[in-house]
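K.L.:
Sequence plus the predicted model coming up.
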Amino acid sequence: MLEENLSGNQTHLLKIVAGHASEDATEMFSKWLRQPVHIKMDRVEFMPFETVCAMMETREENAIGVLMSIDKGIEGMLLFLFSEDMAFKMIDLLTKQKIGTTSELGDLERSALNETANIVGCAYLNSLKKSLSVECIPSTPILIHDMPLAIMNAVLMEQAAFQDESLFINTEFFHDGGKLDFQFFFLPVFESLKERLG
């Protein structure tokens, strides 16, 4: 298992990275929206693929995933997973519409979700850069609209060639109207990550 192959200090460092990423993402989002928001990423755990898929099987509603591969630095991928309802609420917030307005995905809506993933993903990778002195460059976000298990299977199929666990980071987005939460999975190729952790 991935976690068993990391020292306590290495695991703790990954949690610190998430904390710093929360601060950076909060600052970036607040500037972008021109209103105060807070991003919280305090639940960080290693999760076997079997557990992830079992969790997805219980969700019957459509979901929206935004996938970013890491093109430089640590090999791997970032996956953001929104329930359809949560994604539509996020879009309304980002486009300054009344919550409940968005009901389908057009170019503008897709762009808003891609930008959300880009901001949070870049904040996380920048935090990795500060902590590990490694520059990680993400690809252009790819949006997938499907059942949660279908999205996860498409992503994990490629990762299964390297390992059987992901790093799960529950993400909460607080704003004046309440809280929105979505799931963030950091899927590094283990050997690439361990080499950088030292």
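P.N.:
Sure, I can see it.

K.L.:
Just give me the neighbour total for the spatially closest residue to Gln97 that is not a sequence neighbour.
P.N.:
In space, and not counting its chain neighbours, Gln97 is closest to Ile91: 7.8 Å by Cβ to Cβ, 6 or more residues apart in numbering. (C-beta placed from N, C-alpha, C; glycine too.) Counted with other Cβ atoms under 10 Å, residues neighbouring Ile91 total 25.

K.L.:
Now do the buried residues in the helix or strand hosting Ile91.
P.N.:
Ile91 is located in helix 84-94, with elements delineated by DSSP states H and E. Across helix 84-94, burial judged by 16 or more other Cβ atoms under 10 Å covers 84, 86-94.

K.L.:
Show me which of the residues you listed is closest to Val37.
P.N.:
Leu93 (8.7 Å; Cβ to Cβ).

K.L.:
where's the helix or strand of the chain with the lowest mean pLDDT relative to the chain centroid, distance-wise?
P.N.:
Taking all helices and strands of the chain together, the one with the lowest average confidence (mean pLDDT, DSSP states H and E) is helix 190-197, at a mean of 73. Taking Cα atoms, centre = their mean, to the nearest Å, the mean C-alpha location of helix 190-197 is offset from the chain mean by 19 Å.

K.L.:
Quick one: residues in contact with it.
P.N.:
Under the criterion Cβ atoms under 8 Å, 6 or more residues apart in numbering, residues 2, 5-6, 10, 13-14, 73-76, 132, 134, 162-163, 165 lie in contact with helix 190-197.

K.L.:
What of stretch 85-94?
P.N.:
Here stretch 85-94 makes contact (Cβ under 8 Å, 6+ apart) with 33, 61, 63-64, 82, 97-103, 109, 112-113, 115-116, 173, 175, 177, 180-182.

K.L.:
Generate a PyMOL selection restricted to the buried subset of those.
P.N.:
A single PyMOL command is used to select the members of the contacts of stretch 85-94 judged buried by 16+ other Cβ under 10 Å:
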select buried, resi 63+64+82+102+109+112+113+116+173+175+180+182
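
K.L.:
Out of the contacts of stretch 85-94, list just those in strands.
P.N.:
Cross-referencing the contacts of stretch 85-94 with the strands (criterion: DSSP state E) gives 63-64, 82, 173, 175, 180-182 as the overlap.

K.L.:
What is the most widely separated pair among those?
P.N.:
Farthest pair in these (Cβ to Cβ) is Ala63 and His175. Separation: 21.3 Å.

K.L.:
about what we covered before: now, which of the contacts of helix 190-197 lie within strands?
P.N.:
When strands are assigned by DSSP E, the members of the contacts of helix 190-197 inside them are 76, 165.

K.L.:
Now, of the contacts of helix 190-197, which are buried?
P.N.:
Burial of those was assessed by neighbour count (16+ other Cβ under 10 Å); the buried members are 2, 6, 13-14, 73-76, 132, 134, 163, 165.

K.L.:
Save those residues as CSV, and put in distance to Ile151 and pLDDT too.
P.N.:
As requested, the buried ones among the contacts of helix 190-197 are exported to CSV (distance: Cβ to Cβ, whole Å; pLDDT from 0 to 100):
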residue, distance to Ile151, pLDDT
Leu2, 21, 52
Leu6, 27, 63
Leu13, 29, 79
Leu14, 24, 78
Gly73, 25, 80
Ile74, 22, 82
Glu75, 21, 82
Gly76, 17, 84
Leu132, 28, 80
Val134, 28, 82
Gln163, 19, 77
Glu165, 18, 80
